[in-house]
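Chemist: The sequence isn't on hand, but the structure is:
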């Protein structure tokens, strides 16, 4: 190879790496184009996106590390388009090139805009139509792609295509969401969260719609509109937003006692997940699994996060909602970009219909969980979320999930909530997305072949060329033809149905409002009970009606009289007269204290200035990074901080842009800066807040002046580097523990 070619390849190799500076990258590209004109393709990567120059065109190539491919992604590739880049000329939506996109067409330099300026009209009128109706519930959401892998064959129980053999992989799209708030509300609201998964199977889409709780707030779909109205803002003032801290919700609760169990979960730590990556998911309904022989088995599913289930404190959630309303979004974006892909196991609970009467709960009652001690969870698969959307609106906002989107091998039971959900979801998206062609929208499009006689509606993209559009027919050989059960046709489970048309409740289980609510309370640790009581009091103190507050005290005494008595003392009403139900059982699977704890992806803030100990800080940060801890360097200004030996660290954030509540732990290094007084006060504020929230605190030898042992504090979870040879490992262990509830 000659020296000229070698130089060209060197320049090319630089451009296909992620460049720190776009200006430097641009400079290198100019040199490349000047001295390497014979190279037909010049490639570069900026912000993880690779571009190839081919003549005057520009193509986008996905970064394989962050953009994994499968059948669904290959399908979506045909819809992806890059509008920017060298050689790209602006055009109208009809394809002609635009000469001026800055000034409107006017009659004279200072005259009015004239009607013939069709470019302005199209640009503005198109902009006026960018918004579509937001979802009535679960409006605030975030979606990403991934892959599900079956780890245990379920062939014995179901002929569902994607659950047949270990190692079988299925593309998925997952949407996390908040139930109450509007699209512009905050991530950290105390709220019901959605965890919806679309499986793109070889035989059609399957939608699994879960919540972060195993139970629902109602037992019959008839009340869905009522509970939604109750949690939403005051219709007269449109406040408050994204909260149930108001009279209307708590009036609904006492008037609809089947809500008691789920409200207990909502008021617990489970109502404030630390991250979507650390949140369970339960499709609350009971389904049938149907095998090849036509035998049915009751099933409930459960998503289990690999990182365990972890939560924010009430105070943290409220503060974060103000300083970073996109907290959960930022969290999952950072994890995916760093390759720490969110992972979940999929479990099933199975009940043979011959045994359904052996349990204290009705299998069709969505206000009741299936205790895992009685109905164990069997892990059958795992899911990894490894790709962000390329366009939020096109892929997330237009995604449509529907419990009635099922595949052969999965069917509806007579679960009263499921029966209503199977109608409501598709119907609301017909309205929201404005078309019957929901599954022609790329994100919703199946990877399996679709042959149907459904036609027309708004936004029809597929060009169906058939002359015959009805069934049955002879002109087209009676195609598209029906499929038998053996051929893979969807056949409903032939469940026996008998009785008179009625609005009666299905069983006595539906009248038992408080047994499982108390079972849940019994299962909590002391810390979790105190947190739940504090959260109840916070919400009930916002209730203005004294009568509603008093009725709530009596209502919750059914669950625990001592708990309700504490409520009464704090909300200005009388103690309860009601006694709690005599339930003593509990479950170890409910308390978050029994969840796994890891340091991986825990967010650490390093509070640091100049003149730090190079070796000590460097080795500590290396140890933390090796354990998967996410680290931000925080100082008084952007730029660099320099150690005593000349080591430099790039400052990621400042005390102005970030807050202690956004981090899981802090590492107090200290140092010298120009405004020393302000710097010291900022560190003291961060230490105080982290300490108050029971978080791990690491203290470098240069940071000991910021935290001291006193008679009223035990410094639990504070790890000092001074005279501590194994500081880094002990700090990692503290970060993994996450909270030190014994701290004083």
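Modeler: Nice, I can see it. Please read all numbers here as calculations on a predicted model, not as lab measurements.

Chemist: low-scoring stretches of the protein, by residue?
Modeler: 1-66 (pLDDT under 70).

Chemist: gap between residue 335 and residue 673?
Modeler: From residue 335 over to residue 673 the distance is 31 Å, taken as CB to CB, to the nearest Å. To be clear about C-beta, it is placed using only N, CA and C from the backbone, and glycine gets the same treatment.

Chemist: Likewise for residue 513?
Modeler: 59 Å.

Chemist: contacting residues around whatever helix or strand residue 735 lives in?
Modeler: Residue 735 belongs to helix 727-737 when elements are defined using DSSP states H and E. Outside helix 727-737, the residues that touch it by CB atoms under 8 Å, 6 or more residues apart in numbering are 597-599, 602, 604, 619-620, 623-624, 627, 629, 664-665, 667, 696, 698, 717, 719-721, 724, 740.

Chemist: let's see 7 Å
Modeler: 597-599, 602, 604, 619-620, 623-624, 627, 629, 664-665, 696, 698, 717, 719, 721, 724 (CB atoms under 7 Å, 6 or more residues apart in numbering).

Chemist: same thing with stretch 507-514?
Modeler: 219, 257, 258, 260, 361, 362, 365, 368, 505, 558, 559, 581.

Chemist: If we use 8 Å, what do you get?
Modeler: Counting by CB under 8 Å, 6+ apart, residues outside stretch 507-514 touching it are 219, 257-258, 260-261, 360-362, 364-365, 367-368, 505, 558-559, 580-581, 583.

Chemist: before we move on, what about stretch 429-438?
Modeler: 132-135, 398, 400, 402, 426, 441, 444, 454, 456-462.

Chemist: Next: stretch 126-139.
Modeler: 93, 141, 177-183, 185, 194, 228, 397, 428, 431-434.

Chemist: Now do the phi/psi pair for the spatially most central residue of the chain.
Modeler: In the chain, the centroid-proximal residue (CA atoms, centre = their mean) is residue 176; its distance is 3.3 Å. Main-chain torsions, residue 176, degrees, to the nearest 10: phi -100, psi 150.

Chemist: Also residue 614?
Modeler: The phi/psi pair for residue 614 (degrees, to the nearest 10) is phi -50, psi -50.

Chemist: Give me the number of neighbouring residues for it.
Modeler: 16 (other CB atoms under 10 Å).

Chemist: Just to check, it is in contact with residue 641?
Modeler: No: between residue 614 and residue 641 there is no contact under CB atoms under 8 Å: 11.1 Å.

Chemist: how far is stretch 104-114 from where the chain is centred?
Modeler: On the basis of CA atoms, centre = their mean, to the nearest Å, stretch 104-114 sits 49 Å off its chain's mean C-alpha point.

Chemist: what about that stretch, start to end distance?
Modeler: End-to-end distance of stretch 104-114: 8 Å, with CA to CA, to the nearest Å as the criterion.

Chemist: Give me the residues contacting it.
Modeler: Contacts for stretch 104-114 (CB under 8 Å, 6+ apart): 116, 117, 119, 120.

Chemist: The third one in helix, strand or coil?
Modeler: Secondary structure assignment for residue 119 (DSSP: H, G, I helix; E, B strand; the rest coil): helix.

Chemist: For it, give me its contacts.
Modeler: Per CB under 8 Å, 6+ apart, neighbours of residue 119: 92, 98, 100, 101, 105.

Chemist: State the distance from the last one to residue 225.
Modeler: When CB to CB is applied, the distance between residue 105 and residue 225 equals 49 Å.

Chemist: Which one of the two is surrounded by more residues?
Modeler: residue 105 (14 against 11).

Chemist: For residue 467, which non-adjacent residue is closest in space?
Modeler: Distance criterion CB to CB, 6 or more residues apart in numbering; nearest residue to residue 467, sequence neighbours excluded, is residue 475 at 7.0 Å.
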